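1. pasted the sequence and its predicted model underneath.
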Amino acid sequence: MSNNLLSSINSPNDLRQLDVNQLPQLAQELRDFIIDVVSVKEGHLGASLGVVELTIALHYVFDTPNDCLIWDVGHQAYGHKILTARRDNFHTNRQLHGISGFPKRSESEYDAFGVGHSSTSISAALGMAIAANLKGDLEQQHIAVIGDASIASGMAFEGLNHAGVTDANLLVILNDNAIGIDPSVGALKNYLTAVKEGKNPRQNNMIKSLNFDYSGPIDGHDIQAVIQELERLKKVKGPKFLHVITTKGKGLQQAEENQVQYHAPGKFDANTGEIIPKSEANLPPKYQDVFGETILDLAQKNEKIIGITPAMPTGSSLKLMMDAFPKRAFDVGIAEQHAVTLAAGMATQGMVVFCNIYSTFLQRAYDQVIHDVALQNLPVIFCLDRAGLVGEDGATHHGVFDLAYLRCIPNLIVYSPRNEMALQNILYTAQLGLEHPIAIRYPRGRGQNTHWQTPYQTIPIGKAYCIKEGTEIAVLSNGTIGNNVTQALENLNYPEEIAHFDFPFVKPLDETLLHTIFSKFDTIITVEDGVITGGFGSSILEFSAANKYHSSVRLLGIPDEFIEQGTVLELQQYCKIDVTSLEALFREVL
């Protein structure tokens, strides 16, 4: 291993000492290193493998960190992290107290901008470039590397539209591999494919028409060609756009052939690429599959049902309906704002629209939820997957703000099922016809019941339930975190002093039951897997204050800080809402 180049590279300065002819060897070593670590530690794979040559070329040509390099989405930045002084702790990627799976300003001076959601790189890089101009620095370079699924998002267009009328030193690199997490969709993708295949005449170039100096498409795996073009562009002033063709998963045959599966494959054999199978037998279903199978079943019986997802057909399991009813289920690309208003438009025409968006991504469409859906009281059914703590993706992806940011919106029903049967039944209830829009939030990962497919039952809106009677202390939980409460009480042998209530509806609240609870119990504890500030517990405190009750109310949930990456259990322990912490708390109050 004496001639291993990667082991001697602790910063891009070391990289720039290499001869350009050594770089293909370095690219091979970097690929092998990513494959070796991710095969054992898990994480995102295909995206980073696809940009190995581009990553090396960027740090070779540009003076990072003085030149600003911004990655879009960020799961394509593993090679960038390894070359920028994080090789030796890359094995801690996505782990508690380890490095983040995404670029993060507080982690490294080479991470010019924190990213995790898509389509932010052009705006951020343009902001930096304009600031450099104002400071009189006309030499500093600003590079945004954006994947093609991200460039179809409205925000990317907003950035391009503004950049085209500036003289900013901005280079937008389109990493064009025709796939985000699922295959890219839409007219823009078709346009880029035509450009790639030489079927689109040069004068018909939409990027040029936005005032960019356009070059490409070039082969993103030909490192010499990429370096040559970057060296040329470095001397060109103003907004520039380089179109680079890459293969997602490059260098690992299975990852090239199964790009959806190898986006984040879990553990696999580093030599053969074979995914190490997890035993799936007799396990409870993933909540996404409860959604996917239920909506498919309901859609077969109700032809007004429509499914919409912004670029998450596989992750949300809407793909089951898309395969069965391609005319009634839509992947609109990474375009959450469009997804919500499209759903609103369909709802005005009497369609029953299930709009499935990850909780963290619905944040991107907040205005549309208020202005286009709730204000007009259109009965759109929002299915918020990945609600609560999501684990290793960390702060950019936790779905912990939804209860707080949705609870304040008039007309909106907010519901968190405690288990798979409740999710199935609320989906059934919603498509029977509600007078208001509803947000149904459920977590990432598996439920608890293998036999969840029971006959449908209608769920009365706004009703809460007593799960366990008690004499002195009432525990009120919302959603699946209530299962931790149940387990903690079981471990304590179901103490008769503690009662447990399931409040699936944060809005409307079951005030009738609350009056009973506050009249009977002096101590009330609320438990949620969302932020304490403004969430479910806050609504209970507001009720208590408005009705002049004097019971003591204690709120458990996510503290007022951004929660890092780690396993869901580790993060629940940190927030003290895991089974063991709850058990200790119940012992203490008893």
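-> It's in. Residues are numbered from 1 along each chain as shown.

2. which residues touch Phe113?
-> Contact analysis of Phe113 by C-beta atoms under 8 Å, 6 or more residues apart in numbering lists 68, 70, 103, 105, 120-121, 124-125, 128. Backbone N, C-alpha and C define where each C-beta goes, glycine included.

3. check what pLDDT it gets.
-> With respect to pLDDT, Phe113 scores 97.

4. same check on Ser2?
-> Predicted confidence (pLDDT) for Ser2: 46.

5. what kind of secondary structure is Glu561 in?
-> With DSSP: H, G, I helix; E, B strand; the rest coil as the basis, Glu561 sits in coil.

6. tell me which residues touch it, please.
-> Contact analysis of Glu561 by C-beta under 8 Å, 6+ apart lists nothing.

7. and the pLDDT for it?
-> pLDDT for Glu561: 98.

8. separation between it and Glu420?
-> 31 Å (C-beta to C-beta, to the nearest Å).

9. nearest to Thr458, of the contacts of Phe113?
-> Using C-beta to C-beta, Thr120 comes nearest to Thr458 of those, at 42.0 Å.

10. can I get the contacts of Phe113 in TSV with pLDDT and secondary structure?
-> Shown next, in TSV, are the contacts of Phe113 (pLDDT from 0 to 100; DSSP: H, G, I helix; E, B strand; the rest coil):
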residue	pLDDT	secondary structure
Cys68	97	strand
Ile70	97	strand
Pro103	95	coil
Arg105	97	coil
Thr120	96	coil
Ser121	97	helix
Ala124	98	helix
Ala125	98	helix
Met128	98	helix
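
11. what is the nearest of the residues you listed to Pro379?
-> Thr120 (31.9 Å).

12. give the contact list for the closest one.
-> 72, 113, 155.

13. the stretch 251-400 of the chain: helices as residue ranges?
-> Secondary structure of the stretch 251-400 of the chain (DSSP state H, counting those that start in this stretch): helices at 253-257, 287-301, 313-316, 319-324, 336-348, 359-362, 366-368.

14. looking at these, which is buried most?
-> Highest mean neighbour count of those: helix 359-362, a mean of 25 (counted as mean count of other C-beta atoms under 10 Å).

15. what's the spacing between that helix and its chain's center?
-> 7 Å (C-alpha atoms, centre = their mean, to the nearest Å).

16. which other helices and strands contact that helix?
-> helix 336-348, strand 381-387 (3 or more C-beta pairs under 8 Å, 6 or more residues apart in numbering; DSSP states H and E).

17. and the angle for the longest one with strand 381-387?
-> Meaning helix 336-348. When axes from the mean of the first three to the mean of the last three C-alpha atoms, to 10 degrees is applied, the directions of helix 336-348 and strand 381-387 differ by 150 degrees.

18. export helix 336-348 as CSV, just CAs?
-> What follows is helix 336-348, C-alpha atoms only, in CSV (Å, rounded to 0.1, in the frame of the first residue of the first chain):
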residue,chain,number,x,y,z
GLU,A,336,-43.2,20.3,-2.9
GLN,A,337,-44.9,23.7,-3.5
HIS,A,338,-46.2,22.5,-6.8
ALA,A,339,-47.3,19.2,-5.3
VAL,A,340,-49.5,20.9,-2.7
THR,A,341,-51.1,23.4,-5.0
LEU,A,342,-51.7,20.7,-7.7
ALA,A,343,-53.5,18.7,-5.0
ALA,A,344,-55.6,21.8,-4.1
GLY,A,345,-56.5,22.3,-7.8
MET,A,346,-57.7,18.7,-8.1
ALA,A,347,-59.6,19.0,-4.8
THR,A,348,-61.6,21.9,-6.2
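
19. give me the contact list for that helix.
-> 154, 306, 308-310, 330, 332, 353, 355, 357, 361-362, 364-365, 367-369, 372-373, 376, 378-380.

20. list only buried entries from those.
-> Among those, those buried by neighbour count (16 or more other C-beta atoms under 10 Å) are 306, 308-310, 330, 332, 353, 355, 357, 361-362, 364-365, 368-369, 372-373, 378-380.

21. following the chain past the lowest-mean-pLDDT helix or strand in the chain, name the next helix or strand.
-> Least confident helix or strand, the chain: helix 187-196 with a mean of 83, by mean pLDDT, DSSP states H and E. For helix 187-196, the following helix or strand on the C-terminal side (DSSP states H and E) is helix 206-209.

22. right, and the helix or strand after that next one?
-> Helix 206-209 is succeeded, C-terminally, by strand 213-219 (DSSP H and E).

23. adjacent strands (with direction) for that next one?
-> Paired neighbours of strand 213-219 in the sheet (DSSP bridges): strand 240-245 (parallel).

24. tell me the angle the strand it pairs with makes with helix 187-196.
-> Angle, strand 240-245 to helix 187-196, by the same axes, to 10 degrees: 80 degrees.

25. show the average pLDDT along strand 240-245.
-> 95.

26. how far away from the center of its chain is it?
-> With C-alpha atoms, centre = their mean as the basis, strand 240-245 stands 26 Å off its chain's centre.

27. what would it look like as CSV? C-alpha coordinates only.
-> Provided in CSV are the C-alpha atoms of strand 240-245 (Å, rounded to 0.1, in the frame of the first residue of the first chain):
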residue,chain,number,x,y,z
LYS,A,240,-21.4,30.0,-16.4
PHE,A,241,-23.1,26.6,-16.7
LEU,A,242,-21.3,23.3,-17.2
HIS,A,243,-23.3,20.2,-18.2
VAL,A,244,-21.5,17.1,-17.0
ILE,A,245,-22.8,13.5,-17.7
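
28. in it, what's buried?
-> Buried positions in strand 240-245, judged by neighbour count with 16+ other C-beta under 10 Å: 240-245.

29. same check on stretch 417-435?
-> Buried residues in stretch 417-435, counted by 16+ other C-beta under 10 Å: 417-431.

30. between the residues you listed, which is nearest Val589?
-> Checking the buried residues of stretch 417-435 one by one against Val589 (C-beta to C-beta), the nearest turns out to be Arg418, at 22.3 Å.

31. isn't the closest one right next to Gly482, touching?
-> Yes: proximity of Arg418 to Gly482 meets the contact threshold set by C-beta atoms under 8 Å, at 5.0 Å.

32. need the overlap of contacts for the two.
-> The contact sets of Arg418 and Gly482 overlap at Asp502 (C-beta under 8 Å, 6+ apart).

33. isn't Gln95 up against Gly394?
-> No: using C-beta under 8 Å, Gln95 is not in contact with Gly394; the gap is 10.0 Å.

34. among those two, which residue is more densely surrounded?
-> Counted by other C-beta atoms under 10 Å, Gln95 and Gly394 do not tie: Gly394 has more neighbours, with 23 against 20.

35. show the pLDDT at that one.
-> Note for Gly394: predicted pLDDT of 96.

36. my guess is it contacts Glu564, does it?
-> Yes: under the criterion of C-beta under 8 Å, Gly394 makes contact with Glu564 at 5.6 Å.

37. quick check: neighbours shared by those two?
-> Taking C-beta under 8 Å, 6+ apart as the criterion, Gly394 and Glu564 both touch Ser100.

38. let's have the contacts of Thr120 in TSV, adding secondary structure and distance to Ile525.
-> Below are the contacts of Thr120 laid out as TSV (DSSP: H, G, I helix; E, B strand; the rest coil; distance: C-beta to C-beta, whole Å):
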residue	secondary structure	distance to Ile525
Asp72	coil	42
Phe113	coil	40
Met155	helix	41
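
39. for the protein, which strand is longest?
-> Taking DSSP state E as the criterion, the chain has its longest strand at strand 523-531.

40. quick one: it to chain centroid distance?
-> 25 Å.
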